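> got a predicted structure plus its sequence, pasted below:
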Amino acid sequence: MGETGGVALMGDWDEEAVDPQGLRYYQRTAHDLTMAELQAGESPLVVMATGLGKTRLASAVISNWPGRVLFLAHRDELLDQARSEIQRQTGEWVDLEKAEFMSYRARIVVGSVQTLGKVSKDWQGKEELRRLERLVRLGGPPSLVIVDEAHRAVTASYDRLLTALGVPVMGITATTQRLDKKSLGRRFTVNPYKMDVAAGIEAGFLVPFEARAVNLASIDLRDVRRGRGEGGLNLHDLDLAMMRAVEHITKSTLELEPDRQGIAFFPGVRSAQYAADRFNALRPGSALCITGETDPEERKDMVKAYRNGDYQYLCNCEVAIEGFDAPPTSLIIGGRPTTSVTLYTQMVGRGGRTLPGVVDGVDGASEAWLRKELIARSAKPNCVILDFVGNGGKHSLVSPTDVFAGTYSDEEREAAKRIVREAGERDESIDPQEALLKAREELQQLAQSLESEVKSEVIAYDPFRVFGMKPQHVGMDRKRPSEKLLGALQRAGIPGGELKKMDAVAARKLMATVIKRREVGLCTYGQLAKLQEHGISRKNISFERAKKGIDYLKETGWGKRTSRDTLREIVGDLTSR
């Protein structure tokens with residue numbers, strides 16, 4: 001997919017203008033870019049963090065789309081919320097197509113993928129999508145499909161339904177990462193706009209987060225098998241493992257954050273219910289438990305009671321994740337270990353919303369400072385994540401830093417996780433973004449401290465020694481780098497012959513160094529290699545100085561008339577004298 005998203009686009013819209021559809025400036029930018037792609041026949045995917053108004057954006061697109069629109073979701077709560085929001089925003093009647101509810105001739109239909117994608121067989125045994133065929137027959141075919149939580153759009157049920165319709169598809173999601181590595185590019189052709197959690201916080205539309213890693217000896221996942229579900233772990237095993245930790249999780253929560261209202265995530269019905277029971281034993285009447293087994297009407301009443309502040313804790317299993325909206329939530333209780341960044345992002349996202357009215361009406365891009373000040377003064381200045389960890393065994397578990405990592409390297413992510421863990425050992429919380437910045441600074445200092453005196457002819461073809469890095473020993477049994485990583489290194493100027501020798505670990509380390517150097521304004525691999533051929537030994541030369549040095553080499557015949565002393569002065573390499 002092509003991508004033009006990010007915070008950079010947030011200034012494209014006139015921030016002083018009053019939007020006729022009540023969109024925030026970044027939503028208007030996303031709307032205009034998305035409409036342009038749809039009109040060009042593309043299928044765009046818009047990525048916006050939870051709390052930034054994906055359904056409002058979709059409603060604006062629907063209002064301005066000339067034909068019939070089908071909005072797809074996969075859970076009852078999501079369908080009901082979407083129908084209510086779209087109907088309110090567009091002022092049009094919205095039909096519902098799910099289970100016993102059937103749409104007729106409305107221009108806008110909110111539908112369940114389970115219902116519309118259900119396969120039946122006719123009298124000859126031929127497979128049919130009868131509910132979809134009925135919808136088309138009564139109201140005409142939709143000319144646009146909008147998929148909510150679009151990271152699911154490459155599953156078999158969505159794929160079958162969208163292929164049968166054969167019309168442009170718009171996707172909205174908070175994250176594009178999938179545990180099964182399936183590419184969303186199979187369904188979506190462009191990514192016109194992206195605004196992640198970190199960007200939302202920086203813009204003052206989401207509250208900042210603080211994370212605390214709480215190490216509990218009672219959490220032991222060594223015997224938990226891998227699973228096929230979204231969380232990557234066997235839920236039966238995980239539920240049993242977390243049951244043993246519930247007592248410590250509930251006590252630690254009340255000790256560390258006794259006054260915050262929060263959502264507790266657990267992997268199964270038993271651990272979620274046990275947690276609610278323990279919270280109520282320790283603080284009577286404080287907790288509710290909702291799961292997929294809870295009666296739908298009772299579940300609505302329980303969620304309403306939590307949103308109203310009647311209960312402090314909402315313990316849940318697989319319910320309060322996608323599409324769950326409870327702005328008072330200022331605490332996320334992590335009793336649901338996972339290897340999925342998508343799932344973890346969805347859980348953390350429940351705590352990112354600002355309280356109603358805090359930043360409303362302060363919409364300009366230049367007023368981010370004011371929104372952040374208003375959030376800081378509000379009754380919900382931030383959200384705390386209690387990340388309960390223990391023995392992860394063979395599993396590489398996701399943590400709060402993964403949600404904010406963006407373009408940070410794997411090494412920086414791991415270092416940030418260590419920083420959060422060490423803060424937790426000191427009974428301190430730390431902003432995940434601050435932890436990532438500290439990790440990057442640590443690794444930059446480490447890279448700058450590495451020095452290696454080598455011959456210029458060796459330097460010329462060893463990419464690690466060019467940067468002053470320790471040689472990487474590649475084992476025959478090590479994993480090969482991905483094609484994407486190899487391509488990025490090749491574009492950075494690393495010789496193809498050297499790339500063939502690298503394993504994945506070495507390639508990632510080299511890529512992290514390339515990125516770090518670029519971010520702090522140091523010269524490229526190609527520049528440094530060329531300078532080292534002419535006797536320059538200093539590694540941390542600025543890009544601009546290196547450029548001047550290369551220009552000097554060109555003017556003097558690449559060494560034929562070059563004065564090495566002059567070259568050293570140009571690039572500031574006093575160590576070579």
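Great, that's in hand. Numbering: from 1, shown residues only.
> quick one: the strands in the stretch 251-400 of the chain?
262-265, 287-291, 313-317, 331-334, 383-391 (DSSP state E, counting those that start in this stretch).
> adjacent strands (with direction) for the fourth one?
Pairing partners of strand 331-334, with direction, according to DSSP bridges: strand 262-265 (parallel), strand 383-391 (parallel).
> okay, those strands in TSV with mean pLDDT, distance to M102 and mean neighbour count next?
Where you see a C-beta, it was placed from the backbone N, CA and C, and this is true even at glycine. Shown next, in TSV, are the strands paired with strand 331-334 (pLDDT from 0 to 100; distance: least, CB to CB, whole Å; neighbours: other CB atoms under 10 Å):
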stretch	mean pLDDT	distance to M102	mean neighbour count
strand 262-265	95	34	26
strand 383-391	90	40	22
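> nearest to S429 among these would be which one?
strand 383-391 (6.2 Å; CB to CB).
> in the stretch 451-577 of the chain, where is pLDDT below threshold?
Counting by pLDDT under 70, the low-confidence segments of the stretch 451-577 of the chain come to 451-465, 467-478, 574-577.
> can you pull out the helices in the stretch 351-500 of the chain?
Taking DSSP state H, counting those that start in this stretch as the test, the helices found in the stretch 351-500 of the chain are 368-377, 400-404, 410-425, 432-449, 456-459, 463-466, 483-491, 496-499.
> and these as CSV, adding mean neighbour count and distance to A40?
Converted to CSV, these look like this (neighbours: other CB atoms under 10 Å; distance: least, CB to CB, whole Å):
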stretch, mean neighbour count, distance to A40
helix 368-377, 15, 31
helix 400-404, 25, 33
helix 410-425, 20, 36
helix 432-449, 18, 36
helix 456-459, 14, 49
helix 463-466, 23, 41
helix 483-491, 14, 26
helix 496-499, 13, 36
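> reformat the strands of the stretch 251-400 of the chain as CSV; add distance to V246.
As requested, the strands of the stretch 251-400 of the chain are exported to CSV (distance: least, CB to CB, whole Å):
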stretch, distance to V246
strand 262-265, 10
strand 287-291, 12
strand 313-317, 9
strand 331-334, 11
strand 383-391, 10
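> specify the beta-bridge partners of N215.
Here N215 sits in beta bridges with V389, as judged by DSSP bridges.
> surely it meets G392?
No - look at N215 against G392 with CB atoms under 8 Å: they stay out of range, at 11.0 Å.
> so for T338, which of the strands paired with strand 331-334 sits nearest?
Using CB to CB, the nearest of the strands paired with strand 331-334 to T338 is strand 262-265, at 9.0 Å.
> reformat the strands paired with strand 331-334 into JSON lines and put distance to A164 next to each item.
Below are the strands paired with strand 331-334 laid out as JSON lines (distance: least, CB to CB, whole Å):
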{"stretch": "strand 262-265", "distance to A164": "35"}
{"stretch": "strand 383-391", "distance to A164": "41"}
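> among those, which is nearest F404?
So among the strands paired with strand 331-334, strand 383-391 is nearest, using CB to CB, at 10.9 Å.
> nearest to G227, out of the helices of the stretch 351-500 of the chain?
Closest among the helices of the stretch 351-500 of the chain, once you apply CB to CB, is helix 400-404, at 18.9 Å.
> which other residues reach the helix or strand K554 falls within?
Using DSSP states H and E, K554 falls within helix 543-555. Applying CB atoms under 8 Å, 6 or more residues apart in numbering, the contact partners of helix 543-555 are 521-524, 527-528, 530-531, 534, 536, 541, 559, 562, 566-567, 570-572.
> buried set for that helix?
545-550, 552-553 (16 or more other CB atoms under 10 Å).
> neighbours of L165, how many?
Per other CB atoms under 10 Å, the neighbour tally for L165 reads 20.
> identify the bridge partners of the nearest residue to it once chain neighbours are set aside.
Leaving aside its chain neighbours, L165 sits nearest to V145 (6.0 Å; criterion: CB to CB, 6 or more residues apart in numbering). V145 forms beta bridges with L70, V169, as assigned by DSSP bridges.
> residues touching V145, list them.
Neighbours of V145 in contact, by CB under 8 Å, 6+ apart: 69-72, 162, 165, 167-170.
> apply 10 Å and report the result again.
The contact partners of V145, by CB atoms under 10 Å, 6 or more residues apart in numbering, come to 43, 68-72, 109, 111, 153, 158, 161-162, 165-171.
> how much space between R518 and L486?
Going from R518 to L486 by CB to CB, to the nearest Å gives 18 Å.
> before we move on, the earlier item: which among the contacts of V145 count as buried?
43, 68-72, 109, 111, 153, 158, 161-162, 165, 168-171.
> L78: how many residues sit nearby?
Counted with other CB under 10 Å, L78 comes out at 20.
> average pLDDT for the helix or strand harbouring it?
Using DSSP H and E, the element containing L78 is helix 76-90. Computed over helix 76-90, the mean pLDDT rounds to 87.
> could you check that helix and say which residues are buried?
Within helix 76-90, the residues scored as buried using 16+ other CB under 10 Å are 77-83, 85-87, 89-90.
> next SSE downstream of that helix?
Next along from helix 76-90, by DSSP H and E: strand 94-97.
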